[in-house]
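J.: Sharing a model that was predicted from the sequence below.
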Amino acid sequence: MLTIKNLHATIEGKEILKGIDLEIKAGEVHAIMGPNGSGKSTLANIVAGNEAYEVTKGEIIFEGKELLEMNPEDRAREGVFLAFQYPVEIPGVSNATFLKTAINEIKKYHNQAELTPKEFLSLMKEKSKILGMEEALISRSVNVGFSGGEKKRNEILQMLMLNPKLALLDETDSGLDIDALKIVSNGVNLFKAKDNAVLVVTHYQRLLNYIQPDFVHVLYNGRIIKSGGKELALELEDKGYDWIKPELVESETVYRS
Amino acid sequence: MNRIPEFQNTKEWYLSSFRKFEEKLNGESKSFLHDLRKEALAQLAEVDFPTTRDEEWKYTSVSPILKQNFIPAFNIDKQNVTKEGIKKYFFSGFDFYTMTFINGIYSEELSDLQNLQKGVTVNSLSKLLRSNPKVISEQITKFVKTENAFNLLNRVYSTDGAVVIVPDGVIVEKPIQILFLNGHNDKLVLSIPHNLIVAGKNSQVSIITNYSALNSSVYFSNIITEVFAGESSIVDLYKIQNENDNSFHYEKVEAHQLKKSIFNHYNFTFGGEIVRNDINSTLDDENIETHYYGLYLGKGNQHIDNHTFVDHAKPNCMSNELYKGILDNKARGVFNGKIIVRKDAQKTNAYQQNKTVLLSKTAKINTKPQLEIFADDVKCTHGATVGHLDDTAYYYIRTRGIPAELAKSMLIRAFANDVVESVKIEPLRDQLNHMIFEHLHRVEIEND
Ligand SMILES: Nc1ncnc2c1ncn2[C@@H]1O[C@H](COP(=O)(O)OP(=O)(O)OP(=O)(O)O)[C@@H](O)[C@H]1O
Ligand SMILES: [Mg+2]
């Protein structure tokens, strides 16, 4: 589904990603972990199309298409979704208007019929129920006055409504209380299917108890320095990142010699 | 060095036209108002029209206004306007009383004041001058401070305007929507209403002034509005200015507030080639509240200047001002927010904010807070920001599949939201939102 090859990226002249290779297949769940500032959000945002970053090398192929040549809205229409680490508030635009516009724009792109107001409303009700969100939230402005946890929940609501092929969840677990974490994870698990894929960025193994990853990658200083199965997350929880770092030094030494 | 007035000829024109005007006035020339007119005429002879050398007009050149000799509406033939024809101009979806002025002159046929509550006066200035001049003479120009040549021009030639007088204890149930329709088929018309709003003790009134154009002709709206908010009264004054893009618009609002009164002024600017608002409030007693909300939308070559002045003269009052602007193309905005806290005005709370978004590289704003604080125990904050639509939010919206143009519209809505939300009349809010997109030629979004 997604193939990232030798991706290098800079922001304001500073190199953040220094050669990322990643392959995500349909039906898989990947987790990316790594210390603060290592480039996790950068990676997710480059896939989603944030123009603030400059890709200096490499390519991203999504469902056979060159993603880097598309604007963010076309990527979304092709099926990429990013749940933001810091969701944005849009005063004066209701959740319903926002999502209806989004869904119908995506439908238009695929030459599909737009949802009728009734269809939309019942879909909205169904999905907000999964996330335990009150109906009143539907008519409220996007994320305005939402608590940190509610904003994260709202990101997952948007994911369920837009039903993407690839969902990138950037620290969706941070700021959630234990009950909310279960509810949100449940939402993600209901979404998971053979023909889509999920990439979660997280600092905590806790989330991975609920959303079981097939692969765990460690991003460190702009590179994936280790990949493994879900047991890698447990190991990280236990030992932190220090124990992997030497491997990096080693491989660099090898490279230089 | 002797300063040579730039527009001596224009002034001469206005001074010399007075005789002709006076002849047409007939019997009315014996009213007390006419004495004030002659006073103003004498003053006008002494005062020059402002230039950019005047601090108060530094960024606003009025020379395009002075290149034309406008004719007072009173001196030219009336435009043919029908009740059916003006329907489209009204804000609707709620109950209201209506008054209609064509080029600043009242039209009874086009107004509807049926079932007005007892004791409430809603009438035209010219009619009241004949029937009950006392109610006007007691109030009008009572608190007038400095007047510039435009204000004097209004006072010399104004024959009409909207008058609303609410007796003590009365809450006017419906808003009063006052439509000012301007423009003339073949003449350069000067529309110069002089409006007067008097709210008695414990009274409440909501007034919507709606400035629109009859056609695309060049004209000059030069308005004076005086507001007296009596003790514990609440006055909501909405101004929705949607003149045509060839016209010039200037209004001076002079509000005088008494103890515990609340004055809310909502100022929406859409139209006009050169627009200037002078909005002044004097808080002349304790526990007064003043709120100024403003939204200005400029496109093309529009020039929009808002000068506000809150004068805190007594202790324990609060004023809150929020002015926002969206400027596209080569539009130019000016904001000058003056606040004086006088020596006696201890425990004053005064807030002021001006935020402007520039949608193009060629749009421009000059913004300046002007705080003069002479009391020591006050809370006073102000802030001004100028920027572009938020990049992160723009990106966020597009990651949901929403196209760039629509994303911008959403951000425009988001930016204007707090000012629009301050409007208490809900159907009016919806219509304002619609006008924002229409004016800026943006894709509309409609909330469910
Ligand atoms: N707009 C920007 N300008 C300058 N530097 C930036 C910008 N955005 C990100 N960076 C830098 O890029 C690096 C990677 O940031 P990124 O947000 O991708 O980290 P992260 O791995 O998601 O961290 P965290 O776990 O704290 O969310 C950081 O050093 C950060 O300071
Ligand atoms: Mg991050």
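T.: Received it, and whenever you're ready, just let me know what you need. Numbers count the residues shown, from 1 in each chain, chains lettered A, B, ... in the order given. Ligands and ions are numbered 1, 2, ... in the order given.
J.: Please count neighbours and contacts with C-alpha atoms only from this point.
T.: Fine.
J.: Just the helices from the stretch 1-150 of chain B, written as ranges.
T.: Here the stretch 1-150 of chain B has its helices, by DSSP state H, counting those that start in this stretch, at B:8-16, B:18-25, B:32-46, B:63-66, B:83-86, B:125-131, B:133-137, B:149-157.
J.: Parallel or antiparallel, list what pairs with the next helix or strand after the last one.
T.: Next in sequence after helix B:149-157, counting helices and strands by DSSP states H and E, comes strand B:162-166. The strands beside strand B:162-166 in its sheet (DSSP bridges) come out as strand B:121-124 (antiparallel), strand B:194-199 (parallel).
J.: Residue A:116 - how many residues pack around it?
T.: For residue A:116, the tally of surrounding residues (other C-alpha atoms under 10 Å in any protein chain shown) stands at 10.
J.: Quick one: neighbours of residue B:84, just the number.
T.: Under the neighbour criterion other C-alpha under 10 Å, residue B:84 is assigned a count of 8.
J.: sec struct for the residue sitting nearest the centre point of chain A, please.
T.: For chain A, the residue sitting closest to the mean C-alpha position, by C-alpha atoms, centre = their mean, is residue A:168 at 1.5 Å. Here residue A:168 is strand, with the state taken from DSSP: H, G, I helix; E, B strand; the rest coil.
J.: Enumerate every residue touching it.
T.: Listed by C-alpha atoms under 8 Å, 6 or more residues apart in numbering or on different chains, the contact set of residue A:168 reads A:44, A:80, A:81, A:82, A:83, A:198, A:199, A:200, A:201.
J.: Quick check on those residues: which are buried?
T.: Among the contacts of residue A:168, those classed as buried by neighbour count (16 or more other C-alpha atoms under 10 Å in any protein chain shown) are A:44, A:80, A:81, A:82, A:83, A:198, A:199, A:200, A:201.
J.: Tell me the buried residues in the worst-scoring helix or strand of chain B on mean pLDDT?
T.: Of the helices and strands making up chain B, the lowest-confidence element is helix B:133-137, at a mean of 85, by mean pLDDT, DSSP states H and E. Burial within helix B:133-137, assessed by neighbour count using 16+ other C-alpha under 10 Å, is assigned to B:133, B:136.
J.: What lies in contact with it?
T.: The list of residues contacting helix B:133-137 from outside it, by C-alpha under 8 Å, 6+ apart, reads B:32, B:33, B:128, B:129.
J.: Also near chain B: which of the contacts of residue A:168, exactly?
T.: Applying C-alpha under 8 Å from any C-alpha of the partner chain, the subset of these adjacent to chain B comprises A:81, A:82.
J.: Report the two of the contacts of residue A:168 separated the most.
T.: The two members of the contacts of residue A:168 with the most space between them (C-alpha to C-alpha) are A:80 and A:201, at 15.2 Å.
J.: name the element the closest residue in space to residue A:5 that isn't next to it in sequence belongs to?
T.: The shortest distance from residue A:5 to any residue that is not its chain neighbour, by C-alpha to C-alpha, 6 or more residues apart in numbering or on different chains, is 4.7 Å, and that residue is residue A:21. In the assignment (DSSP H and E), residue A:21 maps to strand A:14-24.
J.: and if you look at residue A:233?
T.: Taking DSSP H and E as the criterion, the element that holds residue A:233 is helix A:231-239.
J.: How about that helix, which residues are buried there?
T.: Buried residues in helix A:231-239, counting neighbours by 16+ other C-alpha under 10 Å, are found at A:232, A:233, A:234, A:236.
J.: Same check on stretch B:434-444?
T.: By neighbour count on 16+ other C-alpha under 10 Å, the buried set for stretch B:434-444 is B:434, B:435, B:436, B:437, B:440, B:442, B:444.
J.: With distance to ligand 1 and secondary structure as added columns, please give those residues in TSV.
T.: Output for the buried residues of stretch B:434-444, formatted as TSV (distance: C-alpha to the nearest ligand atom, whole Å; DSSP: H, G, I helix; E, B strand; the rest coil):
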residue	distance to ligand 1	secondary structure
B:434	35	helix
B:435	35	helix
B:436	32	helix
B:437	31	helix
B:440	30	coil
B:442	29	coil
B:444	31	coil
